[in-house]
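*Asks:* Sequence first, then the predicted structure, then my questions.
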Amino acid sequence: MSERWYTESVIYCLDVETFQDSNGDGIGDFQGLISRLDYLTRLGVNCLWLHPMHPTPGRDDGYDATDFYNVDPRLGTLGDFAELLHEAAGRGIKVVIDLVVNHTSDEHPWFRSAIASKDSPYRDWYIWSDAEPADRHQGMVFPGEQSETWTYHRKARAWYYHRFYDFQPDLNFANPQVRAEIKKVLAFWIQLGVAGFRMDAVPFIIELTEPGRAEAPMDFDYLSELRQHVQWRRGDAVLIAEANVEPEKLPEYFGDTGGSSNRIHMLFDFMLNGRLVLALARQNPEPVIEWLRTTPKLPDGGQWATFLRNHDEIDLSRLTAEQRENVFAEFGPDESMKLYDRGIRRRLAPMLGGDRRRLELAYSLQFTLRGTPVLRYGEEIGMGEDLSQPGRFAIRTPMQWSYTDNGGFTDGKPIRPVIADGDYGYEKVNVTAQRHDDRSLLAWFERMIRTLRESPEVGNGTCTCIDQPMPPGVLVHRADGPTGTMVFLHNLGTTEAEVDLGQLAAEGRQPNDVFADREYKEAGDLSALELGPYGYRWIRLGRSMP
């Protein structure tokens, strides 16, 4: 696979602790994940993104690490993790891990040393203020759950900064020693064999925070340093960043003003995600079309990562107040479904009322737009959420494998309750049932991903909306690459539609339907393409051999 392997990948993200337990202690582990690699291979994914797996007190689902050079003993040993990397590589699957280094746990040895004495070598590894900072109550990431970003520590006799919870003190990236240590962390895991990192909260990593200064300067050069460092260690290593920032700032995360792609390889497309959800709520593709037309131009080698559901809430903060209300009314009408007044803590299947047609439409659209698709574990079988769980844990329930107790996740007491009741309980929604049904959602995902892997134009080609009048609710776009052209039709509406793409026939390439929601008559001269309610069609316009 090439150094830009990520442009033709399907990324599958999971929590090891909720995927598969191998020893009956109720906690998923590396050996359990190894036992499910063949399932993932059959599904068609070729990259795993593992959520935080370092030792942790467990106060924030692993995002409060106490040791960046080890794994949580509940998940196994470093030897187990090395075996996972080996087994995955044998199946053509690369492994990317979460890099959560904006902060540490307050139980990390670095912080414990820092609070013990002002003379500690780790004191300046964190951000301190002797006086109460004027911006103490500004910049909270979790409004409603946080009341401040500066907390007074009695033992340290100073205020320390934390963008997130008070038990997660921020590291001081203005300190060269901190920068050097994080590079060592990356090198350690690359040496073990990981293919890259999903970098959490990247804007806060490059933010040079000072007490009382709400608008801190950003040091993008550090991203260039990290990019160079990982690629010296492994040429095909990838950095995938979480940066939910204003559109005009996005290009800076990919490269400098010279146009070079010398920073982050991939960014999660939060702007597209919000507009996809809005389009589904309104049954109108205009929000997606607008973003595709105004997306900032990326430097060569830059790539978007697209998603419908990830491990957090659906973040609607980049939508207008009216747009958010449209989405809430359709997909989160109950207060228990919302989080932080900006997002929805639900999985897609229940959001879409369990409507198989809408589910297929939504994922067909996501997977055919420019970029690399990311799929959350359990979405391929249509898992639901558990709103009785607090916050983001609603969509972090154990994987549902079979009809057996606890959905086949564990023989013991699960770390988190498995969804057992209702339309999304494990007796109705599980891998085993869908494996024996060639019309199941799982079987559909396998076919869809297989077809996508045969269509490299999507990941590494250009993406263009067809600029002509369309029936209400219809989006038509094309992907052009060295190996050919694909045209995609999606009907977000509830009525039949007919699309005239006769202008494309002039290109002289024979159209061929390769994937669709139902059997349609042949594309012919493209002048009368039928599209059913919530329908979709993938059409190849000939193909040149590579």
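*Replies:* Nice, I can see it.

*Asks:* residues contacting residue 252?
*Replies:* By CB atoms under 8 Å, 6 or more residues apart in numbering, the contact set of residue 252 is 218, 220, 263. For glycine as for every other residue, the C-beta is placed from the backbone atoms N, C-alpha and C.

*Asks:* Got the phi and psi for the second one?
*Replies:* If I follow you right, that is residue 220. When read as degrees, to the nearest 10, the backbone of residue 220 gives phi -70, psi -20.

*Asks:* Mind listing what's buried along the helix or strand of the chain with the lowest mean pLDDT?
*Replies:* Ranked by mean pLDDT, DSSP states H and E, the weakest helix or strand in the chain is helix 502-505, scoring a mean of 87. Residues 504, 505 are the ones in helix 502-505 that count as buried (16 or more other CB atoms under 10 Å).

*Asks:* same question, stretch 527-545
*Replies:* In stretch 527-545, counting by 16+ other CB under 10 Å, buried: 529-541, 543.

*Asks:* now, among those, which is nearest to residue 37?
*Replies:* Distance to residue 37, by CB to CB, is smallest for residue 538 among those, at 28.1 Å.

*Asks:* Helix, strand, or coil at residue 89?
*Replies:* Following DSSP: H, G, I helix; E, B strand; the rest coil, we place residue 89 in the helix state.

*Asks:* who's in contact with the nearest residue to it once chain neighbours are set aside?
*Replies:* Once flanking residues are discounted, residue 89 sits nearest to residue 193: 7.1 Å by CB to CB, 6 or more residues apart in numbering. Residue 193 makes contacts with 82, 85, 86, 89, 95, as judged by CB under 8 Å, 6+ apart.

*Asks:* Straight-line length of stretch 55-63, end to end?
*Replies:* 10 Å (CA to CA, to the nearest Å).

*Asks:* Strands of the stretch 401-546 of the chain, residue ranges please.
*Replies:* Secondary structure of the stretch 401-546 of the chain (DSSP state E, counting those that start in this stretch): strands at 462-465, 474-481, 484-491, 497-499, 511-516, 529-531, 536-541.

*Asks:* Just checking: what are the partner strands of the strand or helix carrying residue 373?
*Replies:* For residue 373, the host element (DSSP states H and E) is strand 372-376. Note on strand 372-376: by DSSP bridges, its sheet partners are strand 11-14 (parallel), strand 303-306 (parallel).

*Asks:* got the contact list for it?
*Replies:* 6-14, 45, 49, 266, 268, 303-307, 309-311, 347, 366-367, 395, 445, 452, 459.

*Asks:* so who does the residue nearest the centre of the chain touch?
*Replies:* Nearest to the geometric centre of the chain sits residue 310, at 4.8 Å (CA atoms, centre = their mean). Contacts for residue 310 were tallied using CB under 8 Å, 6+ apart; they are 13, 268, 374, 376.

*Asks:* Among those, give me the pair with the biggest separation.
*Replies:* So, these by CB to CB: farthest apart are 268 and 376, at 12.4 Å.

*Asks:* Which residue ranges of the stretch 351-500 of the chain form helices?
*Replies:* With DSSP state H, counting those that start in this stretch as the criterion, the stretch 351-500 of the chain has helices at 356-368, 431-435, 441-453, 457-460.

*Asks:* So which elements touch the last one?
*Replies:* With contacts taken as 3 or more CB pairs under 8 Å, 6 or more residues apart in numbering; DSSP states H and E, helix 457-460 sits against strand 474-481, strand 484-491.

*Asks:* Compare the contacts of residue 310 and tell me which has the most neighbours.
*Replies:* In terms of neighbours by other CB atoms under 10 Å, the contacts of residue 310 top out with residue 374 at 26 neighbours.

*Asks:* ok, the closest residue in space to residue 371 that isn't next to it in sequence to residue 207 distance?
*Replies:* Computed as CB to CB, 6+ apart, the closest residue to residue 371 that is not its neighbour in sequence is residue 304, at 3.4 Å. According to CB to CB, to the nearest Å, residue 304 and residue 207 sit 23 Å apart.

*Asks:* contacting residues for residue 9?
*Replies:* 45, 46, 47, 94, 372, 459.

*Asks:* Out of those, which two sit at the greatest distance?
*Replies:* In the contacts of residue 9, the most distant members under the criterion CB to CB are 94 and 459, with 14.5 Å between them.

*Asks:* got the domain boundaries for the chain?
*Replies:* 5-102+176-451, 109-161, 461-541 (automatic domain parsing).

*Asks:* and the last one, how far out from the chain's middle?
*Replies:* Right, domain 461-541. The chain centre lies 28 Å from the centre of domain 461-541; the measure is CA atoms, centre = their mean, to the nearest Å.

*Asks:* which SS state does residue 189 fall under?
*Replies:* Classified using three-state DSSP, residue 189 is helix.

*Asks:* Hmm, it is touching residue 197, no?
*Replies:* Yes. Because the distance of 7.5 Å satisfies CB atoms under 8 Å, residue 189 is recorded as touching residue 197.

*Asks:* got any residues that touch both of those two?
*Replies:* Counting by CB under 8 Å, 6+ apart, the shared contacts of residue 189 and residue 197 are residue 97.

*Asks:* Include neighbour count and pLDDT when you put the contacts of residue 252 into CSV, please.
*Replies:* Below are the contacts of residue 252 laid out as CSV (neighbours: other CB atoms under 10 Å; pLDDT from 0 to 100):
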residue, neighbour count, pLDDT
218, 18, 93
220, 16, 95
263, 27, 95
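
*Asks:* what residue ranges in the chain score low on pLDDT?
*Replies:* Applying pLDDT under 70 to the chain flags residues 1-2, 543-546.

*Asks:* Going through the contacts of residue 193, which ones are buried?
*Replies:* Among the contacts of residue 193, the ones that count as buried (16+ other CB under 10 Å) are 85, 95.

*Asks:* Just the contacts of residue 193: which are in helices?
*Replies:* Among the contacts of residue 193, the residues falling in helices (DSSP state H) are 82, 85, 86, 89.

*Asks:* Report the two of those separated the most.
*Replies:* By the measure CB to CB, 82 and 89 form the most distant pair in these, at 10.8 Å.

*Asks:* Please give me every residue in contact with residue 186.
*Replies:* Residue 186 makes contact with 99, 197, 226, 229, 230, 233 under the criterion CB under 8 Å, 6+ apart.

*Asks:* The residue lying closest to residue 88 once chain neighbours are set aside: what's it in contact with?
*Replies:* Spatial nearest neighbour of residue 88, chain neighbours left out: residue 95 (5.4 Å); criterion: CB to CB, 6+ apart. Listed by CB under 8 Å, 6+ apart, the contact partners of residue 95 are 47, 48, 50, 84, 85, 88, 193, 194, 195.

*Asks:* Which among the residues you listed count as buried?
*Replies:* Burial by neighbour count, 16+ other CB under 10 Å: within these this picks out 47, 48, 50, 84, 85, 88, 193, 194, 195.

*Asks:* you'd agree residue 368 is up against residue 459?
*Replies:* No. Between residue 368 and residue 459 there is no contact under CB under 8 Å: 10.2 Å.

*Asks:* mind listing the helices for the stretch 101-250 of the chain?
*Replies:* 109-116, 176-192, 202-205, 221-233, 250-254.

*Asks:* Can you give the distance from the third one to the centre of its chain?
*Replies:* When you say that, I think you mean helix 202-205. The answer for helix 202-205 is 17 Å, by CA atoms, centre = their mean.
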